[in-house]
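Asker: Okay, predicted coordinates and the sequence, questions at the end:
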Amino acid sequence: DGGDYTISGLTITSTTADDAAIGLFGVVDGGTVKNLNLEDVSINVTNSDLAGAAIGMMLNGATADYITVSGTIIGYDGVGGIVGRLIIDGTISNCINNASVTSSYGGIGGIVGKAYYEDGANTSTFASVTKCTNKGTVTAPMYIGGIAGLARANVTDCINEGAIVGGTQTGGIVGQLIAAGTVSGNENKAKVSGKNHLGGIIGDYSQSNAYTYYNVSIANNINRGELAATEQCAAIMGCNNIDGFTAMTATGNVSYYYVEGLELFGNPEDMVIDATNEFIIEAADFATFKTAVEAGINVTLTADITTTAAITTSGVSSVVDLNGKTLTIGAGDNQFNDESNITIKNGVINITGVTVGGNAIFRLDEYEKTLVTTMTLENVNIIGDGYSSAYGIFYIGDSSVLNVIGGEWELKNDTHTAGGVFKADASAATLNIEGTKITAHNVRRFVTYAATEIDNATIALSGDDDEVDAEMEHGFNRSPLAISNSTITM
């Protein structure tokens, strides 16, 4: 127990043998090292296979807890900021590494170089690395991780903030996962660069006959770091070499980093990957926003955005989280086509001043097309003054669906247009309005043709008494209609 005291200037520059454990403590066998700060460490043993600032090697249930390190650590293999190697079982928890960690070979991590063992016929004993943070740069040719270079272990709730500079088997959290283990609740915030088998969370998964295989879980990890690979990479795990040996599941993993063509998982064969794994782009400008929506990538606004060109999708699904921000529409005729499924939620859409000719501001597929495009507006407030659209704000294609759930709309159409709010050309188009308050002035029509269901809504519609051309013609024009628990004033 270090009692939260600090040891400064620990310096090690030689070793008696490659496999001699290097660190403040060489080997910790079943014991505990905790509550210790190591400042300005200088370890430079280029032939060492077991080097860590605090502990060279841990085994047999040993524990490293609340250890903080700064300085420089250089070794050959099995090199970590806190621990060189963790063998069979044991726990590294609540540790922070600020030191740079470097190897001319590999098997290095910001927290532990290698947390694995060749078990032969052994059973389900696993090491644990949990609630640790790496802030130091980690550099090696292969098997490099922000937390662990090689792992047959449970790596959970860790954070990497240090740049990872590698070659192959390079990951923001784990360089290579071997044969078993859980990697969950971790977050990579730093750039990961290398050649191939590179991932924001895990570089790759592999196995050999030296290991007993157990199910692998990759769950609820977040990658925010840029990925720079000259060959193969993926946002969560760069490469998978399961080959049927292991059941691997991936759920709830998110990457906030995306470039065109990037996948979440490399070689996903034999994996069970559910729909909760996703890209989310954080957009503060229109170009980023447009790229995400048109590529079918979920997007969250981090600032108010104004569109300067029409958005067009084809057969994609994405969720746009306005995140309390305002999306101002600067260009009409935004088209969502070919079975696209778009959800927009939690914010404001401003259509003030938009002018569209023969189409609509938002268009869900086209006339006489049987493909079902779906748009859902959930808790979205729409405001508009002086907008002009001959068809309406929304055009709903013949078999398409528009769902409006919650939100308040305050609309005032340009008095020189004949447009309405919702337009369709066939009753196969579907409009559902639930729990929404809509006030619309200067409208000729509210709904045309679309089969409409309205529940628990308040709708107030009016033409303009001073402009004959803007008097209302129809509230609902040839629209099959079901209304419940709602108030509609025209």
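Answerer: Good, I have the coordinates.
Asker: in the stretch 1-150 of the chain, which spans are helices?
Answerer: With DSSP state H, counting those that start in this stretch, there are no helices along the stretch 1-150 of the chain.
Asker: Residue 364 against residue 394, yeah?
Answerer: Yes. Proximity of residue 364 to residue 394 meets the contact threshold set by CB atoms under 8 Å, at 6.9 Å. All C-beta atoms are positioned from the backbone trio N, CA, C, and that covers glycine.
Asker: shared neighbours of the two, anything?
Answerer: 375, 402 (CB atoms under 8 Å, 6 or more residues apart in numbering).
Asker: list the buried ones in the longest strand along the chain?
Answerer: When every strand of the chain is counted residue by residue (DSSP state E), the longest turns out to be strand 62-80. Buried residues in strand 62-80, counting neighbours by 16 or more other CB atoms under 10 Å, are found at 62-71, 73-80.
Asker: That one: partners in the sheet, and parallel or antiparallel?
Answerer: For strand 62-80, sheet partners with direction are given as strand 32-44 (parallel), strand 51-52 (parallel), strand 90-93 (parallel), strand 96-97 (parallel), strand 100-109 (parallel), following DSSP bridges.
Asker: Work out the gap between it and the centre of the chain.
Answerer: 30 Å (CA atoms, centre = their mean, to the nearest Å).
Asker: And stretch 327-347, by the same measure?
Answerer: Taking the mean of its C-alpha atoms, stretch 327-347 sits 21 Å from the chain's own mean (CA atoms, centre = their mean).
Asker: CA atoms only for it, dumped as CSV, please.
Answerer: The C-alpha coordinates for stretch 327-347 follow below in CSV (Å, rounded to 0.1, in the frame of the first residue of the first chain):
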residue,chain,number,x,y,z
LEU,A,327,-32.0,22.7,-38.7
THR,A,328,-32.8,25.6,-41.0
ILE,A,329,-33.9,24.5,-44.5
GLY,A,330,-32.3,26.8,-47.0
ALA,A,331,-33.2,24.6,-50.1
GLY,A,332,-36.4,22.8,-50.9
ASP,A,333,-37.1,19.6,-52.9
ASN,A,334,-35.3,17.4,-50.4
GLN,A,335,-36.0,13.9,-51.7
PHE,A,336,-36.1,10.6,-49.7
ASN,A,337,-36.4,7.8,-52.2
ASP,A,338,-36.4,4.0,-52.8
GLU,A,339,-37.4,2.6,-49.4
SER,A,340,-35.4,5.0,-47.4
ASN,A,341,-36.3,5.0,-43.7
ILE,A,342,-35.5,8.4,-42.0
THR,A,343,-36.2,9.4,-38.4
ILE,A,344,-35.7,13.0,-37.3
LYS,A,345,-36.1,13.7,-33.6
ASN,A,346,-35.6,16.1,-30.7
GLY,A,347,-35.3,19.6,-32.1
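Asker: what is the mean pLDDT for that stretch?
Answerer: Stretch 327-347 shows a mean pLDDT of 93.
Asker: Now do the buried residues in it.
Answerer: Counting neighbours by 16+ other CB under 10 Å, one finds that the buried residues in stretch 327-347 are 327-337, 339-347.
Asker: Could you check how far the residue nearest to residue 11 when sequence neighbours are not counted is from residue 109?
Answerer: Leaving aside its chain neighbours, residue 11 sits nearest to residue 42 (4.6 Å; criterion: CB to CB, 6 or more residues apart in numbering). Summarising the geometry, the distance separating residue 42 from residue 109, computed by CB to CB, to the nearest Å, is 19 Å.
Asker: And those two? Which one has more around it.
Answerer: Ranked by neighbour count (other CB atoms under 10 Å), residue 42 and residue 109 place residue 109 first, with 39 against 15.
Asker: Shouldn't residue 454 be within a strand?
Answerer: Yes. The assignment for residue 454, made by DSSP: H, G, I helix; E, B strand; the rest coil, places it in a strand.
Asker: Quickly note the distance from it to residue 403.
Answerer: Noted for residue 454: a distance of 12 Å to residue 403, by CB to CB.
Asker: Neighbour count: those two, which is higher?
Answerer: Summary of the neighbour comparison: residue 454 and residue 403, criterion other CB under 10 Å, with residue 454 having more neighbours (24 against 16).
Asker: among the strands paired with strand 62-80, which is nearest residue 188?
Answerer: strand 100-109 (12.6 Å; CB to CB).
Asker: Give me the below-cutoff pLDDT ranges for the stretch 151-300 of the chain.
Answerer: Within the stretch 151-300 of the chain, the ranges that satisfy pLDDT under 70 run 208-213, 242-246.
Asker: For it, just list every one of the helices.
Answerer: Using DSSP H, counting those that start in this stretch, the helices of the stretch 151-300 of the chain run over 286-295.
Asker: check contacts around residue 308.
Answerer: Shown here is residue 308, whose contacts under the criterion CB under 8 Å, 6+ apart are 286, 330-331.
Asker: and if we set it to 6 Å?
Answerer: Contacts for residue 308 were tallied using CB atoms under 6 Å, 6 or more residues apart in numbering; they are 286, 330.
Asker: Distance-wise, check it relative to residue 332.
Answerer: From residue 308 over to residue 332 the distance is 12 Å, taken as CB to CB.
Asker: likewise residue 320?
Answerer: Summarising the geometry, the distance separating residue 320 from residue 332, computed by CB to CB, is 17 Å.
Asker: likewise residue 176?
Answerer: The gap separating residue 176 from residue 332 is 51 Å, by CB to CB.
Asker: Repeat that for residue 158.
Answerer: Taking CB to CB as the measure, residue 158 falls 47 Å from residue 332.
Asker: shaky segments in the stretch 351-490 of the chain?
Answerer: Residue ranges of the stretch 351-490 of the chain with pLDDT under 70: 358, 415-419, 464-472.
Asker: before we move on, back to that, and residue 20, which of the strands paired with strand 62-80 is closest to it?
Answerer: Comparing those against residue 20 with CB to CB, the closest turns out to be strand 51-52 (9.6 Å).
Asker: roughly how far out does that closest one sit from the chain middle?
Answerer: With CA atoms, centre = their mean as the basis, strand 51-52 stands 33 Å off its chain's centre.
Asker: how close does the closest residue to residue 240 other than its chain neighbours get to residue 168?
Answerer: Here the nearest residue to residue 240 in space, its sequence neighbours aside, is residue 267; by CB to CB, 6+ apart that works out to 4.5 Å. With the distance defined as CB to CB, residue 267 ends up 14 Å from residue 168.
Asker: between those two, who's got more neighbours?
Answerer: A side-by-side neighbour count of residue 267 and residue 168, using other CB under 10 Å, places residue 168 first with 23 against 18.
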